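Participant: Pasting the sequence and the predicted coordinates here, then a few questions.
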Amino acid sequence: MTVPRSGRAWGVAVAVVFAAPGCLLVARALADVWRAPAILPQRWGTRGLDVALSGRALDALATSTAVAVTTTALALLLAWPAARVLGERRLRRPGLVLAVLALPLLVPPYATGQGLTEWFVRLGLVDTAAGLVLAHLVVVLPYVVAALTPGFGPRLHALEEMAATAGLPPRLVWRTVTLPAVAPALGAAAFLGFLVSWSQYGSSLAVGGGRPLLPLLLVPFAGSDPQVAAALGLLFVLPAVLVLALATRAARSPL
Amino acid sequence: MNQVWRDRAAVVPATLVIAVLFGGAMAGAVRTSVVPLDGAPSLDVWRALFDDPAFLDSLRFTAQITALSTVLSVLLALAAALALRRSSTLLRTLLALPVPVPHLLVAVTAVLWLAPGGLAERVLGGLPFDLVGDRHGLGVVLVYVYKETPFLALLLLAAMGDELAGREEAAAVHGVRPLQRLRWVVWPAVRRPLVTGALIVAAFVLGAFEVPLLVGPAYPGTVAEYAQQATKGDLIAGEGTAAAALLVTAAVAAVLALVAVRVARGGRR
């Protein structure tokens, strides 16, 4: 089938608007010298990447990854039973639950983080990985529940009952029916949860300014050293790209 | 334990964690704002906050970029969704690309392109107006519109499924004109996702922090920037001022949410 010409024009426009900035980021990260008004860099090099892959930057990368993975795992564990009940519409009045879950999405994360700090100071959680995970969990959990809920429904429930009636033990039902059916939603939820934690700026600054995550480290460089900022930016977007690829594959897996 | 209670128990862990952490956070913010480090509870911080012209400026600035970003994203997303509704999956995938990219990264890229001496200026030989650091926050609005338009457009495209196309066709067969179809067939179908999406965008921009930090003006800042300045400037009262300022944005977001729920519900009558 041929794509109509107007569709192709749209495609080109969308691709240029969304892909060009990314290409610039790569070029900027690999340009050791790029003085105005030159359109192309005077000298290419890896100074930006060297800084972005050493010392404090590497620590921040490790902390960011650990916090995002832990937060996402915790959120998935907490969200699973809630998503199942909400997805199968088993609550007669889910309004209150939905409202509570939506609240953290409405309030600026910096506000939530600032309020948590009041208690974290007393509990000795400020600038700790545990404090960061808790602060991120408030924001991540609602997204994870929202993404996981559509994975469940009366159809899956019926399939599970069929499998159980056919004599499959519960663990086998879970592995052969439930998990494959929920996999796309699970992938999406994990993806979203990881990204939300990974990109948190305000709440991270409030409760963990002394233990910088990647976004906190990146911001000062944007004004002072664009090459390092671009290199850190590439690191910052890399897991998003990887997780997106993984999630897309998970979503394609058949029921 | 009967089924009803078992179902209720299943939502307890998630709800309780949010209730404790979020409720605790809000209580903590209120406490920080009324109990200063050195003594007795008072409303001094709140009084000083609303007497501070810098805070009022930041509130006005935040409201302005929130309104502009939300309205522009909604209009562009509607236009994009209507234009792309019959398009290929490839185009939709392209449209989805900016959605997972962190705001911070878009802001960094905007600085690289649009700051004085940036690539756009070099290619075009000068920009007609400043975007980065603009006093009215044009650069901030641009970053948010760039990020949120695809998000809203995808929400709308999801709501404009095959079923809607069928209903439109049926209306067209009965002689309903295109504009009338838009008003009476398409609009009711997209109203709820659009209002929900717009609320999410508005709440997001209300809390804008890292984006204006990078591409916004030095003054005025958003409320979040004002709060951060307060904690840096005054070590004793600063935390209280920051908490109070942030609670104001939280309250504004809550009011917006109530309005949005009413507007979204209106469609069901």
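Facilitator: Noted; the coordinates are in hand.

Participant: Check which helices and strands the helix or strand that contains A:Leu238 sits against.
Facilitator: Per DSSP states H and E: A:Leu238 is located in helix A:226-252. If you count contacts as 3 or more C-beta pairs under 8 Å, 6 or more residues apart in numbering or on different chains; DSSP states H and E, helix A:226-252 packs onto helix A:5-29, helix A:47-52, helix A:55-87, helix A:179-199, helix A:214-224, helix B:103-114. From N, CA and C alone the C-beta is placed, and that goes for glycine too.

Participant: so which of these gets nearest B:Arg8?
Facilitator: Nearest to B:Arg8, of all those, is helix A:55-87, at 8.1 Å by C-beta to C-beta.

Participant: just the angle between the helix or strand encompassing B:Ala79 and helix A:5-29, please?
Facilitator: B:Ala79 belongs to helix B:53-84 when assigned by DSSP H and E. For helix B:53-84 against helix A:5-29, the angle by axes from the mean of the first three to the mean of the last three C-alpha atoms, to 10 degrees is 140 degrees.

Participant: Quickly check: the helix or strand following helix B:53-84 near chain A or not.
Facilitator: Once the chain leaves helix B:53-84, the next helix or strand it forms, by DSSP H and E, is helix B:89-96. Yes. Residues of helix B:89-96 contacting chain A under C-beta under 8 Å from any C-beta of the partner chain: B:90-91, B:94-95.

Participant: would TSV of the residues you listed with pLDDT be doable?
Facilitator: Below are those laid out as TSV (pLDDT from 0 to 100):
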residue	pLDDT
B:Leu90	73
B:Leu91	75
B:Leu94	75
B:Leu95	78
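
Participant: Can you flag the buried ones in those?
Facilitator: B:91, B:94-95 (16 or more other C-beta atoms under 10 Å in any protein chain shown).

Participant: Among those, find me the one that's closest to A:Leu91.
Facilitator: B:Leu95 (34.6 Å).

Participant: Which residue, other than its chain neighbours, is closest to that closest one?
Facilitator: Closest residue to B:Leu95 apart from its sequence neighbours, by C-beta to C-beta, 6 or more residues apart in numbering or on different chains: B:Pro150 at 5.1 Å.

Participant: hang on, the one you found packs against B:Leu94?
Facilitator: No. Counting by C-beta atoms under 8 Å, B:Pro150 does not reach B:Leu94; the two are 9.1 Å apart.

Participant: tell me, what's touching these two both at once?
Facilitator: Common neighbours of B:Pro150 and B:Leu94 (criterion: C-beta atoms under 8 Å, 6 or more residues apart in numbering or on different chains): A:Phe18.

Participant: The residue nearest to B:Leu95 falls within a helix, correct?
Facilitator: Yes. According to DSSP: H, G, I helix; E, B strand; the rest coil, the state of B:Pro150 is that of a helix.

Participant: Which pLDDT does the model give it?
Facilitator: Per-residue pLDDT puts B:Pro150 at 91.

Participant: quick one, what contacts it?
Facilitator: A:18, B:77, B:80, B:95-99.

Participant: if we go to 6 Å?
Facilitator: By C-beta atoms under 6 Å, 6 or more residues apart in numbering or on different chains, B:Pro150 lies in contact with B:95, B:98-99.
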